[in-house]
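*Asks:* Structure, please.
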Amino acid sequence: MATDVDGADERRRLLVTVTGQDRPGVAAALFESLSDVDATVTDIGQITIRGHLVLCVELDCPSAVAPAHVRRTVLSSDLGGDDRLSVNVAEATEELIGAHGRRLLVTLTSPSVTAQAIAGVFGAVYASGGTCERIVRLATYPVQSYELVVLGADHERLRTSLATESARLGIDLAVQRAGLHRRAKRLVVLDADSTLLTAEVIDQLAEEAGRAHEVAAITEAAMAGGLDFADALARRVALLEGLPVEALARVASHLVLAPGARTLMRTLRRLGFSTAVVSGGFHEVLDPVCHELGVDRIAANRLGVRNGVLTGEVLGPVVDRAGKADALRRFAAELGVPMSQTVAVGDGANDVDMIAIAGLGIAFNARAVLRDAADTALSVPYLDAVLYLLGIPREEIEAAEEP
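*Replies:* Now for the predicted structure:
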């Protein structure tokens, strides 16, 4: 290590590690003993699993302060009399302290997590030139979710490697930059059909009109990206001509939310996020459920009605692929939220533009065309898993649900 220009003593970094059976007062005793050492605390990490403690403290010391001296000082406290604890003090090498700079967050989500899955994630991290600094458990139910803080990895290489591992292992893996901007995302925009809801509203309207098979075929082609959405919408709505308006209320009253949708919206609202639904569906059906969920803004299409029946036409500009992106921009501007602090969630080709411009684009149980365009993808059926990608653990979700 170098001496400064005034000839001051060289510095060294020491790593103090306490492991073993946790009990109250361990950390207090450790830091009380370290107060007698000529050193500055530069980093702290602690984790306890089933009562087993790992507590690490990095110290910046004059070179004259030896590891053995620090260990004797720590053991002179009541930690030294506890045979359930082990104390180690070692020089922190440049490899240990030099991986500063790029921090990336890897979020793993799956109904269950195997050792093979963890091995695949760490392999991808290593292959991209990174190392894992910390692992935090976000949730144990209804899915398991963990967040890894990764240092030094190349973002694109890691993203590519994780995509390969995600497909191979059948788990959801997301990577994004760390930083305050992540928790600062203040506007969350969701598609409605097959995202917020479990089905396509227009298919349910078609059931009422007796045109289910014809409309479903057009819907499938549009969702897969094989048919222009505006054209597909016009063709499907034309098949609804003559449907009584009472059918709209019936469909609205029978809408089924995606599992976790209520939890997601309630948590976002109580944590101060703004929410919006941007849909190629219809105000007449979506407005009641969005109002019930406390959604702040809605963009959707409107159906033509004459003499109590549908005319088979869509009124006004169509909320299509480009229209969804325009709605996201408009809502962000109205709320004063930078685009970098927006989140968009969708499932089909109609959501590609919206996903692409959002600060974080999430493909939820999506078609391949959207997964390829999104920042990350979720394949679990629970919509509230979106919260884990925002770094919100299950404990905060449950706290937000308390009255």
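*Asks:* Next, the contact list for the residue positioned nearest the centre of the chain, please.
*Replies:* Centroid-nearest residue in the chain, with CA atoms, centre = their mean: L389, separated by 0.9 Å. L389 makes contact with 107, 174, 176, 360, 362, 376, 378, according to CB atoms under 8 Å, 6 or more residues apart in numbering. Any C-beta I mention is one placed from the backbone N, CA and C, and that applies to glycine too.
*Asks:* can you rerun that using 10 Å?
*Replies:* Contacts for L389 (CB atoms under 10 Å, 6 or more residues apart in numbering) come out as 105, 107, 109, 138, 145, 147, 172, 174, 176, 182, 185, 343, 345, 360, 362, 375-376, 378.
*Asks:* Next: V201.
*Replies:* V201 neighbours (CB under 10 Å, 6+ apart): 192-194, 248, 251-252, 255, 279-282, 284-286, 289, 300.
*Asks:* Strands - which of those land there?
*Replies:* 279-282, 300 (DSSP state E).
*Asks:* Least confident secondary structure element in the protein?
*Replies:* helix 94-97 (a mean of 48; mean pLDDT, DSSP states H and E).
*Asks:* Mark out where each domain of the protein begins and ends.
*Replies:* 11-97, 103-178, 187-401 (automatic domain parsing).
*Asks:* what mean pLDDT would you report for the second one?
*Replies:* Pointing back at domain 103-178 there. The average pLDDT for domain 103-178 rounds to 92.
*Asks:* Compute the first-to-last residue distance for it.
*Replies:* 6 Å (CA to CA, to the nearest Å).
*Asks:* that older thread, now, which of the contacts of L389 lie within strands?
*Replies:* Counting by DSSP E, the contacts of L389 contribute 105, 107, 109, 138, 145, 147, 172, 174, 176, 343, 345, 360, 362, 376, 378 to strands.
*Asks:* ok, now which ones touch the second one?
*Replies:* If I follow you right, that is T107. So T107 contacts 136, 138, 145-148, 162, 172-176, 376, 378, 385, 388-391 (CB under 10 Å, 6+ apart).
*Asks:* again, only this time at 7 Å
*Replies:* 145, 147, 174, 388-389 (CB atoms under 7 Å, 6 or more residues apart in numbering).
*Asks:* residue ranges of the helices in the stretch 251-400 of the chain, please?
*Replies:* 261-270, 283-293, 321-335, 352-357, 368-371, 386-389, 394-401 (DSSP state H, counting those that start in this stretch).
*Asks:* Also compute the angle for the first one relative to helix 283-293, please.
*Replies:* Helix 261-270 and helix 283-293 meet at an angle of 60 degrees, taking axes from the mean of the first three to the mean of the last three CA atoms, to 10 degrees as the criterion.
*Asks:* May I see the buried residues of helix 261-270?
*Replies:* 261, 263-269 (16 or more other CB atoms under 10 Å).
*Asks:* from those residues, which is closest to V87?
*Replies:* T267 (41.2 Å; CB to CB).
*Asks:* And the closest one, what's its pLDDT?
*Replies:* At T267, pLDDT is 94.
*Asks:* pretty sure it contacts A399?
*Replies:* No. Taking contacts as CB atoms under 7 Å, T267 lies outside contact range of A399: 9.2 Å.
*Asks:* State the distance from A325 to M354.
*Replies:* 5 Å (CB to CB, to the nearest Å).
*Asks:* So which of these two has more stuff around it?
*Replies:* Counted by other CB atoms under 10 Å, A325 and M354 do not tie: M354 has more neighbours, with 28 against 20.
*Asks:* any idea how far L293 is from the more buried one?
*Replies:* Counting by CB to CB, the gap from M354 to L293 is 19 Å.
*Asks:* Strands of the stretch 1-150 of the chain, residue ranges please.
*Replies:* Using DSSP state E, counting those that start in this stretch, the strands assigned to the stretch 1-150 of the chain run over residues 11-21, 40-49, 52-62, 85-91, 103-110, 131-139, 144-151.
*Asks:* Pipe those strands into JSON lines and attach distance to I202 per row.
*Replies:* Output for the strands of the stretch 1-150 of the chain, formatted as JSON lines (distance: least, CB to CB, whole Å):
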{"stretch": "strand 11-21", "distance to I202": "59"}
{"stretch": "strand 40-49", "distance to I202": "49"}
{"stretch": "strand 52-62", "distance to I202": "54"}
{"stretch": "strand 85-91", "distance to I202": "64"}
{"stretch": "strand 103-110", "distance to I202": "30"}
{"stretch": "strand 131-139", "distance to I202": "34"}
{"stretch": "strand 144-151", "distance to I202": "33"}
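*Asks:* P338: which of the ones you listed is closest?
*Replies:* Here strand 103-110 is closest among the strands of the stretch 1-150 of the chain (CB to CB), at 19.6 Å.
*Asks:* Please name the strands paired to that closest one in the sheet, noting orientation.
*Replies:* Counting by DSSP bridges, the strands paired with strand 103-110 are strand 144-151 (antiparallel), strand 172-177 (antiparallel).
*Asks:* Including mean neighbour count and distance to V87, could those strands go into a markdown table?
*Replies:* Compiled in a markdown table, these are given as follows (neighbours: other CB atoms under 10 Å; distance: least, CB to CB, whole Å):
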| stretch | mean neighbour count | distance to V87 |
| --- | --- | --- |
| strand 144-151 | 20 | 25 |
| strand 172-177 | 21 | 36 |
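*Asks:* Of all those strands, which one is nearest V337?
*Replies:* Across those, closest to V337 is strand 172-177 (CB to CB), at 17.7 Å.
*Asks:* where's that closest one relative to the chain centroid, distance-wise?
*Replies:* 8 Å (CA atoms, centre = their mean, to the nearest Å).
*Asks:* Same question for stretch 110-120.
*Replies:* Worked out by CA atoms, centre = their mean, stretch 110-120 lies 18 Å from the chain centre.
*Asks:* Before I go, just wanted to say thanks for your time.
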